[in-house]
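**Student:** Build me a model from this:
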Amino acid sequence: EGFPVAPLTAYFWARGAGRQLGNSPGGQELLLNGRAPRAGEIMRNLTLANTLRVIVGGGKEAFYRGEIAEKIAATVQRFGGVMTVDDLAAHTSTWEQPISVVFEGVRIYECPPNGQGLAALIALNILSCFDLPDDPLSVERLHLIIEALRLAFADARWYVADPAFFDIPLEELLSREYAEARAALIDPERATLDQERGTPVAGSDTVYFSVVDGQGNACSFINSNYMGFGTGIVPEGTGFSLQNRGHNFSLDPAHPNALAPRKRPYHTIIPAMATREPDGSLYASFGVMGGFMQPQGHVQVMIGMVNDGLDPQAALDRPRLCIEDGTAGGRVALEEGIPVGVMARLAEMGHPVRPVSGHGRAIFGRGQIIFRDPDSGVLCGGSDPRADGCAMGF
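**Tutor:** Sure thing, here's the model as predicted:
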């Protein structure tokens, strides 16, 4: 039957349609009469519907070993890739233990490497070493957050790699001692754009949703093609485009995240969850879509809720900042709503900054949060105004 296309989805669909889908043999399957669907139009993807029916009937084997796998491998090879059906057949998924830190009495859980949740936890650990200024949009607070994120990305860009290929000192990276040592590097008056990774002493267009039931059981889920339509390559007759997560490998052979066969790259997608200390009851299930913005969004909405006492919607509505390329020295995008004088002062302190408004605000991520009241069990949801999502209860 299809689905009506929401306004922001239509905007980004139109931006990526010609550039990414134009050269793909099956690109027309993701278009409507040869163009991106407009807001309010009904989009029907009959080939994807058939793909899903095949998977329902044959399970994961139908995807990784059957006709779908053959179409994927043939299409990748057609565009110069080296993937084979044997590569797809060899795929395995793993159950991972989340990593966590305690911030202001709330334990925040993130996906471990090869996911970038490590960056969010390192930044929160560093910020816990400071008394954050009360004004959420003050120069002083925003500077601390930016600097903590710079330090966190300096570490993440080295240590976030496939743990099957590289020994990652997670316990040390998330220790209080390491946080204090990194916090000591922050100059309260000046930006530091050349932060390097620390050396602790050893001893990834995205869809996110969260669901919480009446008993407090929660699911935090995220999925992504990475850059819009990913590669923009659509195997004919499948109705989906192939992702381009390999973009986040390093081509430096000495780097832990170096490109290699059967290896997982630095991954940006990180669904998250938080519980109360010490009883472990659910505090919130949350996520913020948006590439390298994801850990930055986690840090900012958790500060808003845990430190400032905001409800989920207010935490999501608050103007944000974003280190655009997710590196220690990257330019900082500042959202409309942050005072112009604050932007100017941050620039004077040495931060390369860029004000952002309109549709460009999508760079600041699109989050969803469900908070659970500890006494009543009442659930409170929030959905990001920068996206087409919504909060529903039933």
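
**Student:** just the helices in the stretch 201-350 of the chain please.
**Tutor:** Ranges of helices within the stretch 201-350 of the chain are 293-302, 312-317, 340-348, based on DSSP state H, counting those that start in this stretch.

**Student:** And the last one, what's buried?
**Tutor:** Across helix 340-348, burial judged by 16 or more other C-beta atoms under 10 Å covers 342-343, 345-346. For the C-beta atoms, the positions are set from N, CA and C on the backbone; glycine is no exception.

**Student:** Nearest to Asp134, out of the helices of the stretch 201-350 of the chain?
**Tutor:** Closest approach to Asp134 among the helices of the stretch 201-350 of the chain (C-beta to C-beta): helix 340-348, 14.5 Å.

**Student:** and Gly203, what pLDDT?
**Tutor:** On pLDDT, Gly203 comes in at 43.

**Student:** immediately after the longest helix along the chain, which helix or strand?
**Tutor:** Counting residues, the longest helix found in the chain (DSSP state H) is helix 139-159. Following helix 139-159 in sequence order, the next helix or strand is helix 170-173 (DSSP states H and E).

**Student:** re the thing from before, got a markdown table for the helices of the stretch 201-350 of the chain, with mean pLDDT too?
**Tutor:** Output for these, formatted as a markdown table (pLDDT from 0 to 100):
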| stretch | mean pLDDT |
| --- | --- |
| helix 293-302 | 97 |
| helix 312-317 | 98 |
| helix 340-348 | 98 |
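
**Student:** of all the ones you listed, which lies closest to Gly57?
**Tutor:** Of all the helices of the stretch 201-350 of the chain, helix 293-302 comes closest under C-beta to C-beta, at 34.4 Å.

**Student:** from the middle of its chain, how far away would that closest one be?
**Tutor:** With C-alpha atoms, centre = their mean, to the nearest Å as the basis, helix 293-302 stands 9 Å off its chain's centre.

**Student:** ok, now stretch 132-145?
**Tutor:** 23 Å.

**Student:** before we move on, what about stretch 254-268?
**Tutor:** 18 Å.

**Student:** What's the end-to-end length of it?
**Tutor:** Across stretch 254-268, the straight-line distance between its terminal residues is 21 Å, by C-alpha to C-alpha, to the nearest Å.

**Student:** need the strands for the stretch 151-300 of the chain, in chain order.
**Tutor:** 206-212, 218-224, 272-276, 282-289 (DSSP state E, counting those that start in this stretch).

**Student:** Partner strands of the third one, with direction?
**Tutor:** It stands for strand 272-276. strand 106-110 (antiparallel), strand 282-289 (antiparallel) (DSSP bridges).

**Student:** what inclination does that strand have with respect to helix 293-302?
**Tutor:** Going by axes from the mean of the first three to the mean of the last three C-alpha atoms, to 10 degrees, strand 272-276 is angled at 30 degrees with respect to helix 293-302.

**Student:** buried ones in strand 272-276?
**Tutor:** Buried-residue list, strand 272-276, by 16+ other C-beta under 10 Å: 272-275.

**Student:** Please export the C-alpha coordinates of it as PDB.
**Tutor:** Presented in PDB, the C-alpha positions along strand 272-276 are these (Å, rounded to 0.1, in the frame of the first residue of the first chain):
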ATOM      1  CA  ALA A 272      22.000   4.000  23.900                       C
ATOM      2  CA  MET A 273      20.300   3.400  27.200                       C
ATOM      3  CA  ALA A 274      20.600   4.700  30.800                       C
ATOM      4  CA  THR A 275      19.700   3.300  34.200                       C
ATOM      5  CA  ARG A 276      19.600   4.700  37.700                       C
END
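
**Student:** now the angle from that strand to strand 206-212?
**Tutor:** 30 degrees.

**Student:** Next: the second one.
**Tutor:** Taking the same axes, to 10 degrees, one finds strand 218-224 and strand 206-212 inclined to each other by 170 degrees.

**Student:** Strand 218-224: partners in the sheet, and parallel or antiparallel?
**Tutor:** Assessed with DSSP bridges, strand 218-224 is paired to strand 206-212 (antiparallel).

**Student:** The helices of the stretch 201-350 of the chain: which one's closest to Gly326?
**Tutor:** When the helices of the stretch 201-350 of the chain are compared by C-beta to C-beta, helix 293-302 sits nearest Gly326, at 8.0 Å.

**Student:** okay, the strands of the stretch 151-300 of the chain, which one's buried deepest?
**Tutor:** strand 282-289 (a mean of 26; mean count of other C-beta atoms under 10 Å).

**Student:** how about the lowest-mean-pLDDT helix or strand in the chain: buried residues?
**Tutor:** Ranking every helix and strand in the chain by mean pLDDT, DSSP states H and E puts helix 7-16 at the bottom, with a mean of 88. Across helix 7-16, burial judged by 16+ other C-beta under 10 Å covers 8-13, 16.

**Student:** follow-up on the earlier one: adding distance to Glu177, write the strands of the stretch 151-300 of the chain out as CSV.
**Tutor:** Shown next, in CSV, are the strands of the stretch 151-300 of the chain (distance: least, C-beta to C-beta, whole Å):
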stretch, distance to Glu177
strand 206-212, 33
strand 218-224, 29
strand 272-276, 23
strand 282-289, 26
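
**Student:** mind giving me a markdown table with those strands and columns for distance to Asn33 and mean pLDDT?
**Tutor:** As requested, the strands of the stretch 151-300 of the chain are exported to a markdown table (distance: least, C-beta to C-beta, whole Å; pLDDT from 0 to 100):
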| stretch | distance to Asn33 | mean pLDDT |
| --- | --- | --- |
| strand 206-212 | 25 | 92 |
| strand 218-224 | 27 | 94 |
| strand 272-276 | 40 | 98 |
| strand 282-289 | 28 | 97 |
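
**Student:** Out of those, the one nearest Ala183 is which?
**Tutor:** Taking C-beta to C-beta, strand 272-276 is the member of the strands of the stretch 151-300 of the chain nearest to Ala183, at 21.7 Å.

**Student:** And for that closest one, what's in contact with it?
**Tutor:** 98, 105-111, 117, 120, 218, 220, 281-287, 298, 302, 306, 374 (C-beta atoms under 8 Å, 6 or more residues apart in numbering).
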